[in-house]
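In: mind folding the following:
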Amino acid sequence: MRAQIPSTQALTAFEAVARCLNITHAATELFMTPGAVSKQVQSLEDILGIALFTRGQHGLLLTELGQSYLASIKPALATLAQAGAKAAARQLHQDQLRVRVPPAFAERWLLPRITGFTRANPDLRVQIDASGMRDAHLLEVYDAYVRFGPGFWAGCVSDYLCGKHLVIVASPELLRREPPIAGPHDLVRFTLYEHSWNPQGWIHALGALGVSGGSAPEIVQWDFNSVIIRGASLGLGLALVAKCFVTEELERGELVQVLDYCQVIPYGNYLVIPEGRRDDTSLLRFRDWLRAERDQAGGL
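Out: Next up, the predicted model:
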């Protein structure tokens, strides 16, 4: 036999009476009459087939089963309240998207393009938070976020945007003042910059280019792409960096690509949205725009 599920009104009335141990006080809190509250509690007792309260010398008391039932339903009521609050917040901000992105992605990929989205979607405001990615509860605060990683996160839908393709870059000034790079073996003459996310990047690159033996190269790791790119621009060394982050410098001639080499890593920058919101109209508009920009840029 299928169990009958009590109404939320009955559960709310029971929780208020259990907390106040006074029907009149509970009725005032719930904006109901005492008779209506009593009726809801009675209907709940009828459904459960148990007594939830006894009347003592000083008023109502929860029975042992009533105490156990209260403890069981409190988390469910809290979850329902939170869900309602989230739904109301989304309704209130349905013309706004809150998106969190890594700083390098914001500076080097998103900001040069975002005006195109705002011009095409004047009714939808995108609020960008360019900060770190350490928070495990991002989707409780943001509508979506861009994350650097393998592309698979439980309960989410992800779309690859950029960052998997790494190239070797240097400043033209550095290459002018040093002996020419005639081949891969000349790379080890320079300080080599790489990101800490890819700690074996230069080792793999040199191996793939056939460089082995000889003196160990000087490899410097940084946690920020902006520092790596800045170091290369200042002529401090060669950088192994995501091509999508240096397209402007390459176009302006501030950096040049060294050798015909591209390293493809298993990580990249992905747009991540909750599985339950994959059909959200506002998110779809932003997602489709990002995909189009990715395709136009070649998906590097």
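
In: can you list the weak-confidence ranges in the stretch 51-200 of the chain?
Out: 85-94, 132-137 (pLDDT under 70).

In: buried residues in stretch 256-267?
Out: 256, 258, 263 (16 or more other C-beta atoms under 10 Å). Quick note: C-beta positions are derived from backbone N, CA and C, even for glycine.

In: what does stretch 142-158 give?
Out: Neighbour count says stretch 142-158 has 142, 143, 144, 145, 146, 147, 148, 151, 153, 156, 157, 158 buried, by 16+ other C-beta under 10 Å.

In: try stretch 162-172
Out: Here stretch 162-172 shows 162, 163, 164, 165, 166, 167, 168, 169, 170, 171 as buried, counting by 16+ other C-beta under 10 Å.

In: please flag which of these sit within helices.
Out: Judged by DSSP state H, helices contain none of the buried residues of stretch 162-172.

In: ok, back up a step: which of the buried residues of stretch 256-267 sits closest to residue 297?
Out: Residue 297 has its nearest neighbour among these in residue 263, at 18.2 Å by C-beta to C-beta.

In: mind listing what that closest one touches?
Out: By C-beta atoms under 8 Å, 6 or more residues apart in numbering, the residues touching residue 263 are 165, 166, 167, 201, 204, 205, 208, 240.

In: for the buried residues of stretch 162-172, which two are the farthest from each other?
Out: Going by C-beta to C-beta, the pair spanning these furthest: 164 and 171, at 24.3 Å.

In: so which of the buried residues of stretch 256-267 sit within strands?
Out: Among these, the ones falling in strands (DSSP state E) are 256, 263.

In: ok, back up a step: and the contacts of residue 263, which of them are in strands?
Out: Within the contacts of residue 263, membership in strands is found for 165, 166, 167, 240, as judged by DSSP E.

In: with respect to residue 300, which of those is nearest?
Out: The nearest member of these to residue 300, counting by C-beta to C-beta, is residue 165 at 4.6 Å.

In: and the nearest residue to that closest one once chain neighbours are set aside, what does it touch?
Out: Leaving out its chain neighbours, the residue that sits closest to residue 165 by C-beta to C-beta, 6 or more residues apart in numbering is residue 300, at 4.6 Å. The contact partners of residue 300, taken as C-beta under 8 Å, 6+ apart, are 162, 163, 164, 165, 242, 243, 244, 247.

In: most widely separated two among these?
Out: Across the contacts of residue 300, no pair lies farther apart than 164 and 247, at 14.6 Å, counting by C-beta to C-beta.

In: chain center to stretch 293-300, what's the gap?
Out: Here stretch 293-300 is found 21 Å from its chain centre; the criterion is C-alpha atoms, centre = their mean, to the nearest Å.

In: so which residues of the stretch 201-300 of the chain form strands?
Out: 218-222, 238-242, 256-257, 263-264, 268-274 (DSSP state E, counting those that start in this stretch).

In: in TSV: those strands, plus mean pLDDT and distance to residue 229.
Out: Listed next are these as TSV, based on pLDDT from 0 to 100; distance: least, C-beta to C-beta, whole Å:
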stretch	mean pLDDT	distance to residue 229
strand 218-222	96	10
strand 238-242	98	6
strand 256-257	97	13
strand 263-264	96	16
strand 268-274	94	15
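
In: now for the ones you listed, which one comes closest to residue 47?
Out: Among the strands of the stretch 201-300 of the chain, the nearest to residue 47 by C-beta to C-beta is strand 268-274 (34.0 Å).

In: return the closest one as PDB; C-alpha atoms alone will do.
Out: Listed next in PDB are the C-alpha coordinates belonging to strand 268-274 (Å, rounded to 0.1, in the frame of the first residue of the first chain):
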ATOM      1  CA  GLY A 268      41.200  23.300 -20.700                       C
ATOM      2  CA  ASN A 269      38.700  26.100 -19.800                       C
ATOM      3  CA  TYR A 270      35.100  24.900 -19.700                       C
ATOM      4  CA  LEU A 271      31.800  26.600 -19.200                       C
ATOM      5  CA  VAL A 272      30.000  24.700 -16.400                       C
ATOM      6  CA  ILE A 273      26.300  24.900 -15.700                       C
ATOM      7  CA  PRO A 274      24.000  22.800 -13.500                       C
END
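
In: report the angle between that strand and strand 238-242.
Out: Using axes from the mean of the first three to the mean of the last three C-alpha atoms, to 10 degrees, the inter-axis angle of strand 268-274 relative to strand 238-242 is 30 degrees.

In: strand 268-274 - contacts with which helices or strands?
Out: helix 138-141, strand 144-149, strand 156-162, helix 281-296 (3 or more C-beta pairs under 8 Å, 6 or more residues apart in numbering; DSSP states H and E).
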